Every structure is written in C-alpha cells, then in structure tokens.
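Okay, predicted coordinates and the sequence, questions at the end:
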Amino acid sequence: MFSNYLKIAVRNLLKNKGFSFINILGLSVGMASAILILLWINHEMSYDQFHEKKDRIYEAWNKDTFSGKLQCWNTTPKIFARTVERDFPEVEMATRVNWPSNFLFTIGEKKLTVSGNIVDSNFLNMFSFPLVKGDPNTVLKDMYSIVLTEKLAKSFFGEEDPMGKVVRIDSKDNFTVTGIVKDLPNNTRFKFEYLLPWAYLRKLGEDDANWGNNSTRNYVLLKKNTTLASIAPKLKKIKRKYDNSELTNEMFLYPISRWRLYSSFTNGVEDGGLIDFVKMFGVIAAFILLIACINFMNLSTARSEKRAKEVGIRKVVGANKGSLIGQFLGESILISLIAGLFALLIVQISLPAFGVLTDKKLSIDYGNINLWLIFIGFVLFTGVLAGSYPAFYLSAFKPVKVLKGTFLKSDKVVTPRKVLVVLQFTFAIILIICTAIVKEQIQHARNRDLGYDKKNLIFHFLTDDLTKNYPLAKNELLSSGAATSVSRTSAPITQGWSDTWGIEWVGKAPDDKTDFDRFAADEDLGTTVGLQFVKGRDFNLKQYLTDSTAMILNESSVKAMGFKDPIGQIVKDNGRDWHVVGVVKDFILQSPYHPTKPMIIEGAKGWFNVIHIKLNNKNATADNLKKAELIFKKYNPNYPFEYKFIDDDYAAKFKSEQRTGTLAGLFAGLTIFISCLGLFGLAAYMAESRIKEIGVRKVLGASVTGIATLLSKDFIGLVIISFVLASPVAWWFMHNWLQNYPYRVNIEWWIFAFAALLSILIAMITVSYHAIKAASANPVKSLRTE
C-alpha cells in the first residue's frame, strides 16, 4: 500500500511540474527563512548558558531614583566583591571585571593594540572558559602574569609554545604568559583576547574603596542550596552599611539567565529587552512558514478537480476516509521533505550573508544527531500542517457527486481559499508597514540636530608619550596645516563615559538627584567640535589662566540648576569649585533617540583620555591624515596612529535599529515573494478552469482588457481586504515599539497608503500575466470541443 501511494505521489509531482515547482519553491523558501530565524533565536537564547555554575552566578546591580524615575544599572563599586566575600556567608566567591582595556602589545618587532579585561584571579574559577594550558587556580596570581586566547597566542608566537614567553604592554611593563584560554564562543557577553590580574590595576593606581564610584562589573557565585531571597535583603542596604556618606541607592543581584534577553528596566521594573525582538522574529518565522503552507493548501484544493475522480473511484472500490487522509498527508510530507532538503541548501548558501546581517557567527553542526531529529520533526510538522486541510478536504468528496462532475459548484462569497489568501497578504502588508516605519524612525533620528559639526573631525586616544608631548603635537598639527583646531577631552564627543548626581550649586534642593553627564576639555573644544554657544564663551587658557577650573553647561543643565544668569555661578564637583564661563546649546552625547541630559563640561583640571582634531578642509583628507601620522610617530613613537572619524562613530549608534529594519524588510520581501508564488499558481489555475467562459466572452465581443480585469478583480479585492485588516494591527504594534524611543517619529498616513498601493501593484503584476495570457488566447481553440 505504501509503495502504491509513493508511486502515485511521484507521478503527480512529475505530471504537474509547474504546480509542483511552485509548491516546493514556496515551502523551501518558507522553511529556509524559518530555519535562519530559529538559528538566530537559538543563538540569542544560548548566551552565557554554557557556564557550569550558571545556576548560581549573578551580576551586582544598582538601583536609585533620578529626576523622579527609578533607574537600574550594572556598574558597581570595586570594593563590593571583596566585601561580600568576606562578610556574606551565602557567597562562595565574587569576581570583578574592569571595562575593556586596549593595551599596546610588543613582542619583538610586532606591535598590536588588543582589547582585553583586567579581572580578579578567581575569574576562571567562576566562569567556564576552559584553559588549554595553565592552572585556573594560579594563572592570575602574580601581578605580571597574563592569559592569552589561542588566537592571540598564535598571532604573537606562531606555532611556538607561548607558555613562559614575555610580552611587553604599553612599552613599560613585561608580562609572562601563564595560561592559554580557548577562543571565546560568540554567544557570550565577554569579549576579551587576554586577561590581566586585578593586582595590575591596583599598581596603576586605578583601584579604590569608594562606595560611590560605580565603575566596574561585579559577579557573585552563591553557595549551593542558597536562594537569592536569603541574601537579597542584606544586599539592599549594603552601601549604607559600609559607607558613612548619604548614599541612597540600593543593590541587587541579577541572574545570568536573564543578562542577555531581559536586562531592560523601566522605573525599576524589568520590562523585557532583547526578548521582545526574539519573540517578534519567532512570530515572523511562524507566519512565514504558515504562509508557505497556505500556498500548498490553496494550490492543492484549487486543483481538487484533477484528483476528484481518483478519490471517487477509490471510495467506490472500498477505500475509507482514513486511508485517503493518510495518502494525501503522505504526499504533502514527501513534498515537505524535498522542500526541506532544498531549504537546507538555501540556508547553507545564505548563512554567511545572514551572519553578517545579524552580526553573528551562525553555523549548523551537521554531525549532531539531535539536529537531524529536529529537522525530521520540522519536516513532519510542516508536511502535516500544509497537508492537513487538503487531505481532509479531498477525502470528504462524495463518490456520487464526484463521478457525476457536480461537486465543485460553489457561489459562496467566503471560502477557505479566499480566507487563506487574505491571511497571507495581511501578514505581508503588516511587515511592509513595519519596515517603512522602522526606516522612518532611523531617518528621523539621523536628521536630528547634533549640536556640533562632525565633518572632518577625528579622535585619537591619549597613549603613552602622547600625554606628555601633547602641547608639542598640538602645535605641530596646527602649524603643518593638517588641522585647524585641536582639543583634549575626557571622552569622544559621541560617547558619555562619566555621569554624576553628587554636584552642588547655590539653590540646589536637598532632595535633588538630577543625573548629569560629565565631560572635560582643556581649551578650544567649541571651535574644534563646533559647539553652539548661547551665552558666555569657550575655554581659553592663554587669555584666562583661571579657565583650568572653568565650567561650561548645556541648556538642560541651566534649566535643571534653575540659574537665571549662569555665567559666574559656582558648581562644586569632586571637592573642587568650578566657575561657569559659558552655556552651549544641547548636543547629542549618547543616544540620538533620547532627549539630551543635563551636562557639565569641566576645564583643564579635569581628566583627559582623547584628542579631537578638526582636519583642515582646504586639504585632501588623505594628505591631512598623512601629516598627522608623521607627527604622531614623532611624539608617540611606540604607538601606531589609530584614529577614528566622529561621523563613523556616530553612525554606529544606528546599527541596532538598522539591523532590525533590514531584517524586517528582508522577511517582508520573502513573505511577499511566497504569497505571490501562491497567487501566481492560483491565477494559472483560474485561467485554466475558466478557459471556455473566456472563449465565450470573447466571441460575444469582450475585450482583452475587460477579460483581464474580470479575472484580476477578485484577487485585488482580497488584497484590499488584507490591507484593511493589516493596518490597525501594524499601527498598534509599531505604536508600542516607538514608545521605547522618547525622540520618535509620528506614524504618518502616507506609509499606509504606500503599503496599500505597493501590495495592490504587486498582486496586479502577479495575476496579470495569466489573466492577459488567457484573455489573449484564440477562442476557437478553447471552444472547438463543444
């Protein structure tokens, strides 16, 4: 019986090559799209889930109220780890990870700037980053020990054994390689090429016991059988217990299982995060697969007349409904299997490009037996989903009506086939509208006034000799004509590295906890980056010696402080009095999607990490950079000239939203493609089934245009219904999405009009080929059998 069913299934595939091709292609693209999305979802959900002690690992977080809103953040005091290890019996160990460090490594003639972390010596005991060489208990015990990844060790030493080798960091300290760690998987939040011991941070003078300095990440491993609830109350008030100042912020532990997907808080309450995108794309995967299955259902039921007599004869000779259902489900599973194999081929070909698009290294382990079991289950599920409705529909035919040829007549306004077509295009139109709104939101933020001029502006980190030789380098950059202005700052103008709520000014309310972005610059900041002064002036150390303790405020700061005349006001920060000399228009320091925060810019008594250089626009950029490189090599010979354009750094702020928009656009396109495949097949069947009607109409004088319109209008009507259903759903979804962005675009009517016109146009193009072909056919050929 099985072999008989298989033969019939193969014969039907070969007999109806066009419909078989459309079915297999639609299912292949749908399944491939679903597989790609599921690979991405699996990757996101696997982040840091490979650590053996993951059930007991937590990250320390802060919680406090600023400007009337409860905020949470995951940088905490450096002293926290040793304190909880010493005083909390529930804690097995705690470890610290400092912000990524970009040190210059020198090995012989090789020089390379590499990113890594400074960590506590127990870091590799808590987290499961396996060592290829070395003992996790001792590799970071010595101040001058270093652990390298396999990749970095190979780039430094080739095939030689790296253990015991010496590397020089920042041209001043030698470190001995004591361990080699396996290259990090790409599903971890940690991104390091080397690890240095915390003792070295202490040697650099960057360790402190200040409970108010939230500048590092602390991780805690609880003892077995210890619950979070048992330690939470103690941690809540830890800062007040150990610090005599009036610190009001609380601390809590956040589990490793939620770091990647859920670490978004609104007013102190967890409100999702990346999990929202995971769910959204999971729904997209399900709908794309469903749309591909709908194609199969529609084409199978549309061609029911071709199989009707077969069903009737089988029933007459004794076949029951169950065996017929089994036969048709078997055929759909066979098609699903063929489509699944093609889908794997499509996935394999497109995986590198999809990985670039999602910024992930995705792969399929074909040697994993579990993967093949999942694939078989996926094929069976798709086959049953696609074939269930046709199987029950075809098996329900009455033999008497079938053999008389009277079973197909139906004048119903609403049929399952029409409902399925509407469902297909509804989802496609939702994606079109969503994609358009995402693109508009990105463009809306791009068009926002920055408050400074990013053209011809680069920055370079202050490294090694550049710190002491800065005045000489600055003068030569200006005298050579490579630059028109130069300024030292605490951070790039596109990044906020420091904030504070501990500053004081005359008239500050006792309970005021406004959070200020904190920046520092020596002089010529306004000229270099193009800040717009609304009051006062820029820093000028040549003319005003006291400008080393001067301060510039932005407009939001003036408003927050309540100054009517800010010039000359005194603001206290870090034990120093700063006098206000200027007010600048608000400029975007961090996210272009959020309002600018109050900001203070401190003068030359501040701290400096970066040089900003305004390149001379009268020269070619390449010539300016070449001159600058020679000057940097002269005054900072041990370091390469590694600059970055401000406009590139600013453009990086849009990457996440651009990726979302591109993915939504891609899957919208695939959805439309699959839907149009089905529409194309239905149009072909419609033209074939109404060939005699078309012939009669032509004989009676109907025009080609009139017949083509007659054949197309039903499909266009279904697309219009789809648009009506899709519009409110898309509006609701995107309205909620836009609430994540305080600076957001309005949802305009023209986006919906564009989606409607585009979908109708696509449907018309898809249907018109068969409609025009049928309308143009010679009626003699279609009527000669009558």
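Structure's in. What do you need?

Any regions of this structure where pLDDT drops low?
Where the chain drops to pLDDT under 70, the residues are 1-9, 11-16, 244-247, 301-324, 389-414, 685-691, 698, 770, 774-775, 777-786.

pull the longest helix from it.
helix 321-358 (DSSP state H).

Show me what it is packed up against.
When contacts are defined as 3 or more Cβ pairs under 8 Å, 6 or more residues apart in numbering; DSSP states H and E, helix 321-358 sits against helix 2-15, helix 17-45, helix 274-302, helix 304-316, helix 369-395, helix 655-689. C-beta: built from backbone N, CA, C; applies to glycine.

swap the cut-off to 7 Å and go again
helix 2-15, helix 17-45, helix 369-395, helix 655-689 (3 or more Cβ pairs under 7 Å, 6 or more residues apart in numbering; DSSP states H and E).

Check for me that F723 belongs to a helix.
Yes. Counting by DSSP: H, G, I helix; E, B strand; the rest coil, F723 is found in a helix.

re the thing from before, want to throw the helices and strands packed on helix 321-358 into a markdown table with mean neighbour count and distance to H735?
Output for the helices and strands packed on helix 321-358, formatted as a markdown table (neighbours: other Cβ atoms under 10 Å; distance: least, Cβ to Cβ, whole Å):
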| stretch | mean neighbour count | distance to H735 |
| --- | --- | --- |
| helix 2-15 | 13 | 46 |
| helix 17-45 | 21 | 24 |
| helix 369-395 | 17 | 32 |
| helix 655-689 | 20 | 16 |
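
and of the ones you listed, who's closest to N62?
helix 655-689 (24.0 Å; Cβ to Cβ).

So what angle separates the directions of the closest one and helix 274-302?
10 degrees (axes from the mean of the first three to the mean of the last three Cα atoms, to 10 degrees).

Can you list the helices and strands that the helix or strand just after helix 655-689 packs against?
Where DSSP states H and E defines the elements, the next helix or strand beyond helix 655-689 is helix 691-699. Contacts defined by 3+ Cβ pairs under 7 Å, 6+ apart place helix 691-699 against helix 704-738, helix 749-776, helix 779-783.

Tell me which of these lies nearest to D170.
Per Cβ to Cβ, nearest to D170 of those: helix 704-738, 44.7 Å.

Just the buried positions in that closest one, please.
By neighbour count on 16 or more other Cβ atoms under 10 Å, the buried set for helix 704-738 is 707-708, 710-712, 715, 718-723, 725-727, 730-731, 734, 737-738.

now it against helix 749-776, angle please.
Relative orientation of helix 704-738 versus helix 749-776 (the same axes, to 10 degrees): 150 degrees.

Now find how far off-centre helix 704-738 is within its chain.
Relative to the mean C-alpha coordinate of its chain, helix 704-738 is positioned 30 Å out (Cα atoms, centre = their mean, to the nearest Å).

Need the residue closest to the centroid of this protein.
For the chain, S656 is the residue whose C-alpha lies nearest the centre (Cα atoms, centre = their mean; 4.5 Å).

List the contacts of that residue.
With contacts defined as Cβ atoms under 7 Å, 6 or more residues apart in numbering, S656 has no neighbours.

now the helices: where do they sit in the stretch 501-650 of the chain?
For the stretch 501-650 of the chain, the helices defined by DSSP state H, counting those that start in this stretch cover 525-529, 555-561, 621-635, 646-651.

Using neighbour counts, pick out the buried residues of stretch 152-161.
L152, A153, S155, F156, F157.

just stretch 204-224 next, same as before
Neighbour-count burial for stretch 204-224, counted by 16+ other Cβ under 10 Å, picks out D207, W211, N214, T216, R217, N218, Y219, V220, L221, L222.

what's across from the fourth one in the sheet?
Per DSSP bridges, the residues bridged to T216 are T76.

returning to that earlier point: and which of the buried residues of stretch 152-161 is nearest D465?
When those are compared against D465 (criterion: Cβ to Cβ), the nearest one is F156, at 23.4 Å.

Quick one: residues contacting the closest one.
I107, K110, P162, V167.

Emit the PyMOL select command for whichever of those are buried.
What follows is the PyMOL syntax selecting those of the contacts of F156 that are buried according to 16+ other Cβ under 10 Å:
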select buried, resi 162+167
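
Tell me which two of the contacts of F156 sit farthest apart.
It's K110 and P162 that sit farthest apart of those, by Cβ to Cβ, at 13.1 Å.

show me where the stretch 151-300 of the chain has helices.
198-203, 228-236, 238-242, 259-262, 274-302.

need those in TSV with mean neighbour count and distance to L682, can you?
Below are the helices of the stretch 151-300 of the chain laid out as TSV (neighbours: other Cβ under 10 Å; distance: least, Cβ to Cβ, whole Å):
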stretch	mean neighbour count	distance to L682
helix 198-203	18	68
helix 228-236	14	57
helix 238-242	17	67
helix 259-262	18	40
helix 274-302	21	6
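
R189 is nearest to which of these?
helix 259-262 (6.2 Å).

Let me know which of the helices and strands packed on helix 691-699 is the nearest to K644.
Taking the helices and strands packed on helix 691-699 one by one with Cβ to Cβ, helix 704-738 is closest: 30.8 Å.

Output the contacting helices and strands for the closest one.
helix 416-446, helix 655-689, helix 691-699, helix 749-776.

quick one: the longest one to helix 691-699, angle?
Taking the same axes, to 10 degrees, helix 655-689 and helix 691-699 form an angle of 80 degrees between their directions.

what's the offset of helix 655-689 from the middle of its chain?
With Cα atoms, centre = their mean, you get 23 Å for helix 655-689.

what does the first one give?
Computed by Cα atoms, centre = their mean, the chain-centroid distance of helix 416-446 equals 19 Å.

picking up where we left off before, ok now the longest helix of the chain, how far from the chain's centre?
27 Å.

buried sites along that helix?
For helix 321-358, by 16+ other Cβ under 10 Å, it's 324-340, 342-344, 346-347, 351, 354-355, 358.

now it and helix 369-395, what's the angle there?
130 degrees.

now helix 321-358 against helix 17-45, angle please.
Going by the same axes, to 10 degrees, helix 321-358 makes 60 degrees with helix 17-45.

which residue packs closest to H735, ignoring adjacent ones?
Nearest residue to H735 in three dimensions, chain neighbours excluded: I747, at 6.6 Å (Cβ to Cβ, 6 or more residues apart in numbering).

Could you report the neighbour count for that neighbour?
I747: 17 surrounding residues under other Cβ atoms under 10 Å.

quick one, what contacts S759?
F425, A428, I429, I432, V719, F723.

give me that answer again for 6 Å
I429, V719 (Cβ atoms under 6 Å, 6 or more residues apart in numbering).

ok, now K585?
K585 neighbours (Cβ under 6 Å, 6+ apart): G451, Q532, V534.

Please flag which of these sit within strands.
Among the contacts of K585, the ones falling in strands (DSSP state E) are V534.

ok so, going back, take the helices and strands packed on helix 321-358 and lay them out in a markdown table including distance to K513.
Below are the helices and strands packed on helix 321-358 laid out as a markdown table (distance: least, Cβ to Cβ, whole Å):
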| stretch | distance to K513 |
| --- | --- |
| helix 2-15 | 71 |
| helix 17-45 | 35 |
| helix 369-395 | 51 |
| helix 655-689 | 29 |
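
L362 is nearest to which of these?
helix 17-45 (5.0 Å).

helices and strands around that closest one, which ones?
Secondary-structure packing of helix 17-45 (3 or more Cβ pairs under 6 Å, 6 or more residues apart in numbering; DSSP states H and E): helix 274-302, helix 321-358, helix 655-689.
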